[in-house]
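Trainee: Predicted model and sequence below, questions to follow.
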Amino acid sequence: MSFFTCLIAGICMLSASPDSSATINHDSTTPYIQPYYARLARMLAVKPVFAPTSGNEFELIRTGSRYSELLLQDLEAAKSLIELEVFLFGEDKDGKRVLDVLSRKIGEGVKVRYIHDNFGNFFDNVFDGRPVFTGYFSRFRKMGIDMRVITPLLLPDPTYTAPDARNHRKINLIDNKIGYTGGMNITTGSMSGWGDTQLRITGPSVQNMRAVFLEDWNKFGKPEKLQKEIISNVSDGSGKVLQLVADGPDQPAYMMEETIVWLLENAKEYVWFETPYFLPTRPVMRAMEKAARRGIDVRLFLPEVSDMTSFDPVYRSPVKDCVKHGIKVVYRKPPFNHSKTFVCDDYITCVGSSNLDKLSLLSIYELNVLIYDESTALEHKAYLSTEQEKGWIADQSFVDSWDRSERFKQALLGIFGRWL
């Protein structure tokens with residue numbers, strides 16, 4: 001991390017409000033993390049809410065059917081409170097299934113809060129051909145959901161004037177005991193369509209995830225005094241050690257970019273990434289190239305065809321440099337995979353909402369979870385190895401096959417790379 005970033009992070013810790021940023025005792029936040037990687041954990045703990053916690057349990061979910069099964073089950077079992085913050089809440093069969101459950105729970109007296117990204121949902125419905133003026137989202141308030149909107153379409157706001165400043169976080173909280181986060185929205189794509197990765201968490205990290213949600217809740221509407229608890233140190237070392245990494249305009253630095261660069265600069269053996277959209281920032285690309293040159297196994301797992309096929313040429317354009325510098329690019333055959341993960345050195349696994357593109361890394365609100373656990377890393381590495389066997393590896397002949405039309409599209413769309 002640069003000196004400037006460290007300075008800003010330090011100022012943030014010293015000046016933040018007491019309820020969200022009490023003094024961090026770094027000696028107590030990292031005793032259950034391998035010392036070599038504890039440096040990363042300390043660097044990222046710019047507030048107590050982002051300090052690592054132990055005593056967590058989780059399920060790593062890779063199919064929409066399993067996510068749908070668990071989420072609907074947990075929502076049905078909710079006793080008092082459901083809080084949702086997702087980029088897309090689809091006007092489709094799976095979105096309506098969740099909405100039906102929420103309606104029933106409200107009838108049982110359960111409080112439901114929902115942070116809605118109007119910009120993302122509006123354009124997602126337009127591109128997918130679904131009706132958008134049917135009153136679907138206005139029904140949310142009518143049925144009793146306490147709803148806050150980050151991006152009103154008809155008012156001058158940061159997202160309307162600069163479409164990159166939007167909320168891409170995925171947070172589902174049930175009774176302040178169960179938390180979901182990762183790449184999955186509440187849509188048919190996530191819940192019964194493509195591949196994706198999500199975490200279902202119980203333990204102290206749920207409290208920290210809720211603290212992030214409540215900060216967003218107050219940021220996107222009239223502040224309310226809502227009770228929140230922040231766990232700023234680990235417990236007795238039982239369970240898994242997790243650390244939240246948030247990104248966006250509310251953070252003191254480009255936190256995921258800093259995380260990825262640190263790992264590439266300090267990895268001992270390998271760093272493997274899954275991402276649906278690959279358009280990295282210059283620091284990330286340089287770090288990948290340098291890591292590959294010093295013998296680190298850097299791999300990228302990308303979809304052969306994305307869900308935004310019109311933009312696929314610009315997502316292919318960085319592959320030329322990857323091939324040149326020895327970064328292995330594995331293309332996955334359809335169906336589309338929307339996962340945003342990485343695994344490093346048989347120890348650190350990340351599951352979250354951040355893509356390896358400029359939009360995610362530089363502009364919008366994101367949330368990711370670092371898992372410090374050897375068994376999880378080995379399992380995820382084995383899964384990706386199996387995925388590689390199903391796909392194919394880009395080489396120089398693939399780059400040479402690009403015709404003038406392909407190169408023109410790459411150059412043209414690259415102009416808009418900051419917003420893709």
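Mentor: All right, it came through fine. Numbers count the residues shown, from 1 in each chain.
Trainee: make it CA atoms for all contacts and neighbour counts henceforth
Mentor: Noted.
Trainee: what's the domain layout of this protein?
Mentor: Per automatic domain parsing, the structural domains of the chain span 1-53+238-420, 63-194.
Trainee: any idea of the mean pLDDT in the shortest one?
Mentor: Predicted confidence along domain 63-194 averages 87 (mean pLDDT).
Trainee: Quick one, which of the domains of the chain gets closest to E229.
Mentor: With distances scored as CA to CA, the stretch of the domains of the chain nearest to E229 is domain 1-53+238-420 (8.6 Å).
Trainee: so where do the strands sit in the stretch 1-150 of the chain?
Mentor: Listed in chain order, the strands of the stretch 1-150 of the chain (DSSP state E, counting those that start in this stretch) span 53-61, 81-86, 111-116, 146-149.
Trainee: for the stretch 201-350 of the chain, same thing?
Mentor: Counting by DSSP E, counting those that start in this stretch, the strands of the stretch 201-350 of the chain are 240-247, 270-274, 278-279, 297-303, 328-332, 341-344, 348-352.
Trainee: Strand partners (parallel or antiparallel) of the third one?
Mentor: Looking back up the chat, that one is strand 278-279. Note on strand 278-279: by DSSP bridges, its sheet partners are strand 356-357 (parallel).
Trainee: Kindly export the helix or strand just after the partner strand (C-alpha atoms) in CSV.
Mentor: Counting by DSSP states H and E, the next helix or strand C-terminal to strand 356-357 is helix 358-362. C-alpha atoms of helix 358-362 as CSV (Å, rounded to 0.1, in the frame of the first residue of the first chain):
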residue,chain,number,x,y,z
LYS,A,358,-12.2,-0.6,-13.6
LEU,A,359,-15.8,0.1,-12.6
SER,A,360,-15.7,-2.2,-9.6
LEU,A,361,-12.2,-1.4,-8.5
LEU,A,362,-12.4,2.4,-8.9
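Trainee: Quick one: list the elements packing against the helix or strand following helix 358-362.
Mentor: Helices and strands here follow DSSP H and E; after helix 358-362, the next one along the chain is strand 366-372. If contacts are counted by 3 or more CA pairs under 8 Å, 6 or more residues apart in numbering; DSSP states H and E, strand 366-372 sits against strand 178-182, strand 240-247, strand 348-352.
Trainee: Nearest approach to T30 belongs to which of those strands?
Mentor: Among the helices and strands packed on strand 366-372, the nearest to T30 by CA to CA is strand 240-247 (9.1 Å).
Trainee: That closest one: partners in the sheet, and parallel or antiparallel?
Mentor: Partners of strand 240-247 in its sheet, by DSSP bridges: strand 53-61 (antiparallel), strand 366-372 (antiparallel).
Trainee: I296: which of those strands is closest?
Mentor: For the strands paired with strand 240-247, the distance to I296 is smallest for strand 366-372, at 19.9 Å, taking CA to CA.
Trainee: quick one: contacts of that closest one?
Mentor: Here strand 366-372 makes contact (CA atoms under 8 Å, 6 or more residues apart in numbering) with 33, 167-170, 181-182, 240-248, 347-354, 360.
Trainee: tell me which residues of the helix or strand that it is followed by are tucked away?
Mentor: For strand 366-372, the following helix or strand on the C-terminal side (DSSP H and E) is helix 374-390. Residues of helix 374-390 classed as buried: 376-378, 380-381, 384, 387-388 (neighbour count, 16 or more other CA atoms under 10 Å).
Trainee: Show me what helix 374-390 is packed against.
Mentor: So helix 374-390, by 3+ CA pairs under 8 Å, 6+ apart, packs with strand 328-332, strand 341-344, strand 348-352.
Trainee: can you put the ones you listed in CSV and add mean neighbour count?
Mentor: Formatted as CSV, the helices and strands packed on helix 374-390 follow (neighbours: other CA atoms under 10 Å):
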stretch, mean neighbour count
strand 328-332, 21
strand 341-344, 25
strand 348-352, 25
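Trainee: Next, format those strands as a markdown table and append mean pLDDT and distance to Y67.
Mentor: Formatted as a markdown table, the helices and strands packed on helix 374-390 follow (pLDDT from 0 to 100; distance: least, CA to CA, whole Å):
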| stretch | mean pLDDT | distance to Y67 |
| --- | --- | --- |
| strand 328-332 | 98 | 21 |
| strand 341-344 | 98 | 17 |
| strand 348-352 | 98 | 14 |
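Trainee: Please name whichever of those strands is nearest to Y114.
Mentor: Y114 sits nearest to strand 348-352 of all the helices and strands packed on helix 374-390, at 19.4 Å, using CA to CA.
Trainee: Sheet-wise, list the partners of that closest one with their directions.
Mentor: Using DSSP bridges, the strands paired with strand 348-352 in its sheet are strand 341-344 (antiparallel), strand 366-372 (antiparallel).
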